[in-house]
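**Q** 3D model of this:
(one chain, ligands or ions: 1)
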Amino acid sequence: MNNKTIYDYIIVGGGLAGMLLAWELLEKEKSFLIYCDSEPASSNVAAGTWNPVTFRRMIPTWRAQEMIDKMLEVYPKVEKKLSVPLLSMIDVEKIISNAQEEEFWKKMALSEESKDFLESILQEITINEETKKLGVVKKTGRIDLPKYVKKSKDYFHNIGNIVFDTFDYSLLKISKNSVKYKTIKASKIIFAEGTYVENNPFFNWLPFKPVKGDILTIKSSDLNVRKIRKKNIFILPLGNSTYKIGATYHWSDKTWKPSEKAKLELLEKFEKISSCTYEVINQESGIRPATHDRRPFIGEHPVHKNVLIFNGLGSKGVFLGPLLASEFCGFLDNKGQIHPEVSVARCFKKYFKPRS
Ligand SMILES: Cc1cc2nc3c(=O)[nH]c(=O)nc-3n(C[C@H](O)[C@H](O)[C@H](O)COP(=O)(O)OP(=O)(O)OC[C@H]3O[C@@H](n4cnc5c(N)ncnc54)[C@H](O)[C@@H]3O)c2cc1C
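**A** Numbers count the residues shown, from 1 in each chain. Here you go, the predicted model:
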């Protein structure tokens with residue numbers, strides 16, 4: 001940290017959400033100071049993949065093409081700035097379950113809505129002596145998210161924009177046009193703490209629905225998977241005979257510790273879609289900052305307009321984050337609106353109780 005005490009923004013949280021905001025603000029030549037502690041973060045375990053298609057209906061997800069366009073603008077810029085490779089365009093291949101699903105895939109792959117995202121010709125593979133069809137999704141890929149976050153934090157540390165400390169909410173003083181935290185003054189403060197938002201007295205009333213996920217790393221010399229293979233779980237090839245197998249979704253377990261039950265669940269599903277020898281070399285877990293309606297929470301506090309939130313990226317942070325961070329920073333600059341589907345304003349009436 002440098003000796004500066006006046007900033008445009010304070011950012012609390014140094015995961016994907018905080019880093020996306022920091023890069024946007026840097027580009028806009030705004031001054032900011034990030035507070036980040038060393039608690040476990042969802043971004044540090046995420047596989048970092050994206051898939052713009054919902055398999056239930058075989059249609060593109062919300063604003064899919066806009067999200068892709070922004071991702072492919074934002075991540076390569078960061079790669080260049082950090083001089084590290086982070087992005088890989090790698091296809092997703094879905095194992096088709098049955099003839100009905102095959103027919104539906106083929107129909108949707110020719111439809112106006114989905115033709116840019118689904119390959120119409122299915123491929124064949126043999127798994128456990130059974131022939132299976134594979135459908136390939138286009139415009140998919142992966143960011144090495146733990147590396148993105150670590151290298152971004154190193155970068156902001158080197159230029160004096162990050163403090164490695166826990167932000168103490170009780171010390172925040174809010175006045176009409178500024179906020180003050182210890183000796184630091186800023187025009188606005190943005191909270192981006194992932195699931196730790198539960199400790200945040202300004203936004204802990206929002207209906208988050210955190211979901212724990214476990215993920216395994218395995219080594220296998222005879223698992224011949226080159227794309228991201230999906231069916232209930234994913235197999236993500238990392239190179240060097242190493243693969244990530246993930247991920248589970250558990251809503252009741254609120255601990256950050258890897259669970260044996262989750263490991264067994266993943267391996268059972270894995271063995272149904274593979275026939276190889278393997279060794280589990282790592283297991284990690286994290287808690288995704290998901291929300292009740294699966295849309296992020298972005299915008300101003302209902303009372304304190306200079307206290308804001310950028311959170312709720314759920315299980316799709318890599319995909320949603322760049323466009324939403326860019327639109328949010330446009331809003332901060334009075335150059336645009338927050339999309340109503342992600343604006344926190346949608347929760348004011350039902351969930352916010354002003355202090356009397
Ligand atoms: C197993 C698993 C697999 C996943 N796979 C994918 C995937 O393939 N693709 C995808 O897009 N997403 C995936 N995700 C989801 C992804 O991790 C999230 O969307 C994203 O990383 C959330 O980022 P975040 O910054 O909001 O939260 P986090 O990454 O949790 O970061 C929050 C940060 O804020 C800091 N913090 C909190 N409170 C304070 C405080 N008071 N003071 C200082 N610092 C504070 C924490 O220390 C932490 O560093 C996965 C998640 C899990 C668990």
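
**Q** do stretch 29-38 and the ligand meet?
**A** Yes: judged by C-beta under 6 Å from any ligand atom, stretch 29-38 and the ligand are in contact via Tyr35, Cys36, Asp37. From N, CA and C alone the C-beta is placed, and that goes for glycine too.

**Q** which stretches of this structure have low pLDDT?
**A** Scanning the chain for pLDDT under 70 picks out 1, 356.

**Q** thinking again about what came up before, can I get the buried part of the residues of stretch 29-38 next to the ligand as one ChimeraX selection?
**A** Restricted to buried positions by 16 or more other C-beta atoms under 10 Å, the ChimeraX selection for the residues of stretch 29-38 next to the ligand reads:
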select :35,36
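
**Q** let's have the residues of stretch 29-38 next to the ligand in JSON lines, adding distance to Lys70 and secondary structure.
**A** Listed next are the residues of stretch 29-38 next to the ligand as JSON lines, based on distance: C-beta to C-beta, whole Å; DSSP: H, G, I helix; E, B strand; the rest coil:
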{"residue": "Tyr35", "distance to Lys70": "26", "secondary structure": "strand"}
{"residue": "Cys36", "distance to Lys70": "24", "secondary structure": "coil"}
{"residue": "Asp37", "distance to Lys70": "29", "secondary structure": "coil"}
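
**Q** tell me the one of the residues of stretch 29-38 next to the ligand nearest Ala109?
**A** Using C-beta to C-beta, Cys36 comes nearest to Ala109 of the residues of stretch 29-38 next to the ligand, at 43.1 Å.

**Q** does the closest one touch Lys153 like I think?
**A** Yes: counting by C-beta atoms under 8 Å, Cys36 does reach Lys153; the two are 6.7 Å apart.

**Q** any shared contact partners between the two?
**A** Gly14, Ile162 (C-beta atoms under 8 Å, 6 or more residues apart in numbering).

**Q** what's in contact with stretch 173-192?
**A** So stretch 173-192 is contacted by 5-13, 15, 17-18, 21, 32-33, 167, 171-172, 197, 200, 202-203, 304, 306-311, 332 (C-beta under 8 Å, 6+ apart).

**Q** quick check, the residue in the stretch 251-356 of the chain closest to the ligand?
**A** Going by C-beta to the nearest ligand atom, the ligand is nearest to Gly317 of the stretch 251-356 of the chain, at 2.5 Å.

**Q** roughly how far apart are that residue and Glu271?
**A** Noted for Gly317: a distance of 29 Å to Glu271, by C-beta to C-beta, to the nearest Å.

**Q** more neighbours: those two, which one.
**A** Gly317 (26 against 12; other C-beta atoms under 10 Å).
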